[in-house]
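Student: kindly generate the corresponding structure for this input.
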Amino acid sequence: MNVSHRLVIITAIFITCLITANVIAVKLVSLGPVILPAAIFVFPLSYIFGDVLTEVYGYRQARQVIWLAFICNLIFVIFVWVGQILPPASFWEGQSAYERILGYTPRLLAASFLGYLVGEFANSFIMARMKVLTRGRWLWSRTIGSTVVGQGLDTALFITIAFIGTPAFLPVMILYHWLAKTVIEALATPATYRLVNYLKRKEGIDVYDDETNFNPFRIADSSN
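Tutor: All right, here's what the predicted structure looks like:
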């Protein structure tokens, strides 16, 4: 199978953004009165590149990349856990810091994985369906519209599952996270246009998902 090197690059950036976001999300930053995780500035990039994947290569290709990113993130988490339980050297003093930064709880992992899958598939589905309905016009409406729904579902699921029942849970956190991610996506629209147009021109493709099976679990058959 001939795989475009441009598709490989987009996929690599998509996965890198996702894993990076999961690592730096433990740090909270203060932007005036608003408290947000440091990942707020990198995680939206995964949605931007997810939009690019769906817009240029279609939902079927995006579906495969979403699952590939999920598997890569799972591998990362497993080996971070292995590194945590291995006995530290007697002279090494970083065990507590390692556990504090990289020690994911089962609840946080469940929240992160579920939010990611639901959000990314919703984002890709809406992108693909809106492209068919608009016959490829108004790209900005698809990128922003899909992000509003995808990021909204992702944020609501993650924060609710991860923090409900704890002192850290505040419903307004969902609103702050969702608004910040949507604003970043909107600001990136000109760059998204340029990248999409470049890829369509270089790849010579512009996929429309007129007859696509949108089942997120149908990944073995690339023709549906």
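
Student: gap between the residue nearest in space to the middle of the chain and Ile15?
Tutor: Against the mean C-alpha coordinate of the chain, by C-alpha atoms, centre = their mean, the closest residue is Ser46 at 4.3 Å. Plainly put, Ser46 is 8 Å away from Ile15 if you go by C-beta to C-beta, to the nearest Å. In short, each C-beta sits where N, CA and C put it, glycine included.

Student: any shared contact partners between the two?
Tutor: Ala69 (C-beta atoms under 8 Å, 6 or more residues apart in numbering).

Student: quick one: secondary structure of the residue nearest to the centre of the chain?
Tutor: What DSSP: H, G, I helix; E, B strand; the rest coil gives for Ser46 is helix.

Student: so it sits against Thr20, correct?
Tutor: No: contact between Ser46 and Thr20 fails when scored by C-beta atoms under 8 Å: they sit 9.2 Å apart.

Student: state which helix of this protein is the longest.
Tutor: helix 106-134 (DSSP state H).

Student: what sits against the residue nearest to the centre of the chain?
Tutor: 14, 17-18, 21, 69, 120.

Student: go through those and flag which are in helices.
Tutor: Going by DSSP H, the helices hold 14, 17-18, 21, 69, 120 from the contacts of Ser46.

Student: most neighbours of all those, which one?
Tutor: Most neighbours among the ones in helices among the contacts of Ser46, by other C-beta atoms under 10 Å: Glu120, with 28 neighbours.

Student: what's near enough to touch that residue?
Tutor: 46-47, 50, 66, 69, 150, 154.

Student: list the contacts of the nearest residue to Trp67 once chain neighbours are set aside.
Tutor: Of all residues not flanking Trp67 in the chain, Ile219 sits nearest, at 5.7 Å (C-beta to C-beta, 6 or more residues apart in numbering). Counting by C-beta under 8 Å, 6+ apart, Ile219 touches 63-64, 67.

Student: buried ones in the lowest-mean-pLDDT helix or strand in the chain?
Tutor: Within the chain, confidence by mean pLDDT, DSSP states H and E is lowest for strand 34-37 among all helices and strands, at a mean of 75. For strand 34-37, burial by neighbour count (16 or more other C-beta atoms under 10 Å) applies to 36-37.

Student: can you name the residues in contact with that strand?
Tutor: 24-29, 173, 176-177, 180.

Student: okay, Thr192: pLDDT?
Tutor: Looking at Thr192, its pLDDT stands at 91.
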